[in-house]
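Peer 1: coordinates only, no sequence provided:
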C-alpha cells in the first residue's frame, strides 16, 4: 500500500465514493499518514492529492449525497490529524448544522467566514455580508479571512477584519492549524457565526463555535438537483434563515487600478483545464483590442499566468497590464464597459457590478458545476461553455459574442 502514489490513493477514494461505496479506510489512513509525514515533500504531495483530487472532486459534483460521503471521509481526516476531536462527533454535528433553521433574536457581533477563494467571496460571501448588515443594523460585522479577500470590501465602513491566514496549497497540518485560533476568536457572548461553506471550517466540519450560534449554508447540497447558480441559492438561504430578501453581491475595494474601457483576466486558479490552448488567448486579445480603445489585462498571481498574459498582449499599443493585488483590479472591472475572462474571480466581480461580460467557461467537471458557478448579476452576459475545446471554434464563438456585447 505504501508503494502507491498519493494521486493513485486519492483517485481510488474518489472512485469508491462516486460509485456509492463506503470509502476504504485503509486507503484513507495511508493517504493521511503521508499527508502528515515529517518529510515536507511527501506531506505536500499527499495533502495536494487529498484536497485537490478528493475534496474538490466531491465538492465540484454538487451532488447532495456526496455531502454525506465527504463528511464521513473528512471528519475521519480531521480526527486523525487533531486527536482531541472525534470523527463520529464531527459527522453527527455536521448532520445537525446542515439543517435549515430560522434565526430568532439579535446579535452584538456577526462573524462572516471567508470562503477563501476570491470569486466565491464575491458570488456568495458578499451576499451574506449584505444581508448581515441589513438584518443586524447595530451589530459589529466581522469578515474573517485572508487579507487579500478582505481588500475586496475594505472601503465598507460597516465591516471589521479578523485576519485568518489560509494557503490553498498548504499541508493538511497547516490548513487545520487555524482551528484553535479561530475558535478562540469567534467566542464571546452575543455573537453568531455565518459559514457560507468555508474552507476555514473544512466545509462546516470544524466546530468553531457552539452550535446554537452557528449558521451553515451547505452550498454543495442546497438546491439539490436544480440548476440555479450559487448566488441565487445563497440569496434564498439568507431569506429563509434571516428573513432578509434581495441580498446583493457587491465589492467595496479601497483602491483602484487604472481605468480602461475593457478589462480582461486570463487567470485559471492553477487549473489548466480552464484555459483554451494557444493561439486562443493572443487572438482573443487582438479581437478585444479591435473593439476597445483601452484595455487593462491582469497579469495574475503566478509566473506562469504572467508569461501567458505578456505573450498575449505583446505589441498591442492599446493594452496596459496590471501587476498587483486583485482588489484594485476588481475596482477597475467595475468601472469598465466590458469584461472578458475565463471562469475565475473576475466574472463574479463583473456580474456583481453589472458590467457586460464574456465568460469562457472551459473544463468544468460536471454540468451542475457549470450551472452553480455561472455568474449571476445585472447587465448583458455571454457564456461560452466548452468541455473539449478547439481554439478556432471557441474563438469564432467569442468573436460573435464580442460583436453582440460591443453593440449594446
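Peer 2: Good, I have the coordinates. Note that the structure is a prediction, hence the values are computed from the model and not measured.

Peer 1: which helix or strand lies directly C-terminal to whichever strand or helix holds residue 141?
Peer 2: Following DSSP states H and E, the helix or strand that holds residue 141 is strand 140-145. The element immediately downstream of strand 140-145 (helix or strand, assigned by DSSP H and E) is helix 147-150.

Peer 1: where are the low-confidence patches of the stretch 301-408 of the chain?
Peer 2: 388-389, 408 (pLDDT under 70).

Peer 1: that's a strand at residue 215, yeah?
Peer 2: Yes - per DSSP: H, G, I helix; E, B strand; the rest coil, residue 215 lies within a strand segment.

Peer 1: can you give me the neighbour number for the closest residue to residue 339 other than its chain neighbours?
Peer 2: For residue 339, the nearest residue in space outside its immediate sequence neighbours is residue 350; the separation is 3.9 Å by Cβ to Cβ, 6 or more residues apart in numbering. Where C-beta positions appear, they are placed from N, C-alpha and C, glycine not excepted. Burial measure for residue 350: 29 neighbouring residues, criterion other Cβ atoms under 10 Å.

Peer 1: which residues sit in contact with residue 350?
Peer 2: Residue 350 makes contact with 263, 333, 339, 356-357, 375, 377, 379 under the criterion Cβ atoms under 8 Å, 6 or more residues apart in numbering.

Peer 1: mind checking which helix or strand it is in?
Peer 2: In this structure, residue 350 sits in helix 345-352 according to DSSP H and E.

Peer 1: so what are the sheet partners of the helix or strand immediately after that helix in the chain and their directions?
Peer 2: Towards the C-terminus, the helix or strand next in line after helix 345-352, according to DSSP H and E, is strand 357-362. According to DSSP bridges, strand 357-362 forms sheet pairs with strand 338-342 (parallel), strand 381-386 (parallel).

Peer 1: can you tell me which of these is packed in deepest?
Peer 2: Among these, ranked by average contacts under mean count of other Cβ atoms under 10 Å, first place goes to strand 338-342 (a mean of 26).

Peer 1: show me where the stretch 251-400 of the chain has helices.
Peer 2: According to DSSP state H, counting those that start in this stretch, the stretch 251-400 of the chain carries its helices in the segments 280-291, 303-313, 326-335, 345-352, 367-373, 391-406.

Peer 1: neighbours of residue 178, how many?
Peer 2: Neighbour count for residue 178, taken as other Cβ under 10 Å: 21.

Peer 1: repeat that for the one 3 residues further on.
Peer 2: Per other Cβ under 10 Å, the neighbour tally for residue 181 reads 13.
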